[in-house]
Structure formats: structure tokens, C-alpha cells
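# Structure for this input, please:
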Amino acid sequence: MAPDLPPISQITEENADFAGGKVRLHRRSIIPSDTPWARLMFVHGYGEHSGRYRHAMRWFAERGVACDAFDQRGHGKASGRRGFVRKWDEFLDDTAAALEEETRLNGANIPRIVLGHSHGALIVAIGVIRKLLSADGVILTSPYFRSGVPVSPGKLALVRGVDLVLPWARFRSGMQETWLTSDEEMLAESRADPLLLRAATPRWYLSMLAIQNEARRRAAEFTLPLLCLVGDADPVALPEAGVKFFEQVTSPEKKLIHYPGMLHELLRETGREAVFGDALRWMREAYLPPLSVAEGE
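Numbering: from 1, shown residues only. Next up is the predicted model:
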């Protein structure tokens, strides 16, 4: 196993809007001053935005990885009704546009890894299964293949009815902040974050259920190198669904890591640098030659 790398690079940060078809998307880039050895694209979860990954992006950029993230339509600083898509596949359109923008910025001569978290992991998984997204490797954190958040039959019937007339209406998600992370500083940051969406729309929810079914049904069609990271105490994205997906994918190179006691937001959890380190080691082992003895000292 390659040893952990200490920070080696100065970094620069940039934020800018870019066109994603007919919508305006927003990107965040954190780039090492030295020539990067890999590219890492973060795909955020539902209700989130790219700024929530800035700390992780800085950590990886300081270790030589060019990092990018973007706000999906209806999220963060991107345009669109909050949390609403006319059809779920628009998330794939946004991700493809962001990857094209990332290639324009960083070039295509170094390996590209795509990291999807929660609903972002669902987007990445379906994009790979449908052969719509390309990458040299994929990292899925807390993949949202089956929800642990209960929805009563009555509320589901209401959501189906509202979707017919007001598909952009907002319903309280029922998410509890203590399900996400045990880190008090991260919880305080989330409470003060004006860009977080704390509701769900009927169109997103109903279409997402269909996509979850597709991902579980077609898992064997996922063939890219895969690192799957699962918190065993995650009450939002059921860990057993992520494990089953991992077991069914046919990637010749795949690795699953469990984190006992960790909640949903692995990249914002207490002890998150262990998660960062595992991802970095996996990337190095796959995309860099082994370190010499002198380098590892």
C-alpha cells in the first residue's frame, strides 16, 4: 500500500459560471500549482452544492490532484427552480456538461476520476451504466441506491397527485441533520448555509425512485474501475443497497471499504481524513507508479 502523501503543492481556487445547454451552471476549481497527476470531479448530492466539498477539494489539490465540482441545475448558484428537474436525465446532462468544461480547463492527458456522493453517486452510476459518462475510475460515497428515510403510503399518494399539477412544489424532506454527520463544526456550517435545499420536489422524488430501480437492476453493466465507500451507520442511503450494487458490478478492478459508526456524509464526518486517505491511496495505486523507498521515507 502506498504511504499517505503530505501536502506538496500550493493551490489556486476559481469560481465561475458556465453554460450547460439551456441552463447556467456554476463550477468550483481548486488546482495545484505543480502539474497535477490526476483530475477529480465531485458530483454533489440532492439539495447540496459544490461549496460543501471545498475542504475535501483543498486536501486533494494540496496532494497534486486537480479538483473540480459544480452546482447542478436548481442547486447552489446554478439557475433553475430549486430542486426541480422536468425529467431526471437532466442531471446527466449537467454532469456531462461539467465534465466537458473540466476537460477544457485541465486537458485530457492525465487520469480523470469522478466522485459521486449520495444522489450524485446515483447520477454517476447511471451515467456509467448507460455509457453516457466516461472516466478512468469512479469513487462512490454513500451511494443512494435505496433510501432509508421513511415515506408513508399517504404522503407518497399525495406526492403523486401533486406531481400532476405542481411538480416543482416543495415538501419537507424529513431529513434530520444528525443523520448526516457527527461533526459539530460541519453541522453548524450546514445550519448557516443559505444555499442548502431542505425540501424535495415531487418530480425529483418520483423520477429518482425509478432511477434507483434501474441502477439496482442494471448493476452488472457497470464496468469501470470502482472504489465504493460506505458508512455502516448511514440512515439516509441504506448501506446494504450500496454493498449489493458493489457485489453485482462487473468491474475487473473494484474495492469496497466500510466505515463502522460513520453516518451519511463521509466527506464531512468526524474522522473524514481517513476517508480522504483511502481514496488517495486507491487513486495512487491505480494511476501512479509505486513510490520508491526514498520517496516513502
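# give me the number of residues near Tyr46?
23 (other C-beta atoms under 10 Å). The C-beta positions use only the backbone N, C-alpha and C, and glycine is treated the same way.
# I figured it hits Ala200, correct?
Yes - using C-beta atoms under 8 Å, Tyr46 is in contact with Ala200, at 7.3 Å.
# what residue ranges in the stretch 151-297 of the chain score low on pLDDT?
289-297 (pLDDT under 70).
# Just the helices from it, written as ranges.
153-165, 184-191, 202-217, 239-248, 272-287, 293-296 (DSSP state H, counting those that start in this stretch).
# what do you get for the stretch 1-150 of the chain?
Using DSSP H, counting those that start in this stretch, helices in the stretch 1-150 of the chain cover 54-61, 90-106, 119-129.
# Pick the most buried one from those.
Counting by mean count of other C-beta atoms under 10 Å, helix 119-129 has the highest mean neighbour count of these, with a mean of 26.
# Show me what that one packs onto, helices and strands only.
Secondary-structure packing of helix 119-129 (3 or more C-beta pairs under 8 Å, 6 or more residues apart in numbering; DSSP states H and E): strand 38-43, helix 90-106, strand 112-117, strand 137-141, helix 202-217.
# Which strands or helices does the shortest one pack on?
Going back to what we said before, that points to strand 137-141. By 3+ C-beta pairs under 8 Å, 6+ apart, strand 137-141 packs against strand 112-117, helix 119-129, strand 226-231, helix 272-287.
# Partner strands of it, with direction?
strand 112-117 (parallel), strand 226-231 (parallel) (DSSP bridges).
# which one of those strands is the most hemmed in?
The most buried one of the strands paired with strand 137-141 (mean count of other C-beta under 10 Å) is strand 112-117, showing a mean of 26.
# Could I have the CA atoms of that strand written out in PDB?
What follows is strand 112-117 as a C-alpha-only set of coordinates in PDB (Å, rounded to 0.1, in the frame of the first residue of the first chain):
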ATOM      1  CA  ARG A 112      -9.800  11.500 -14.600                       C
ATOM      2  CA  ILE A 113     -11.700  10.100 -11.600                       C
ATOM      3  CA  VAL A 114     -15.300  11.000 -10.900                       C
ATOM      4  CA  LEU A 115     -16.500  11.000  -7.300                       C
ATOM      5  CA  GLY A 116     -20.300  11.000  -6.700                       C
ATOM      6  CA  HIS A 117     -21.800  11.400  -3.300                       C
END
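# Tell me how far that strand lies from the chain's centre.
6 Å (C-alpha atoms, centre = their mean, to the nearest Å).
# Start and end of stretch 259-276, how far apart?
Start-to-end span of stretch 259-276 (C-alpha to C-alpha, to the nearest Å) is 12 Å.
# Can you add distance to Ser147 and give the helices and strands packed on helix 119-129 back as TSV?
As requested, the helices and strands packed on helix 119-129 are arranged in TSV below (distance: least, C-beta to C-beta, whole Å):
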stretch	distance to Ser147
strand 38-43	18
helix 90-106	16
strand 112-117	15
strand 137-141	16
helix 202-217	8
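# Which one of the ones you listed lies nearest to Leu229?
Of all those, strand 137-141 sits nearest to Leu229, with 4.6 Å by C-beta to C-beta.
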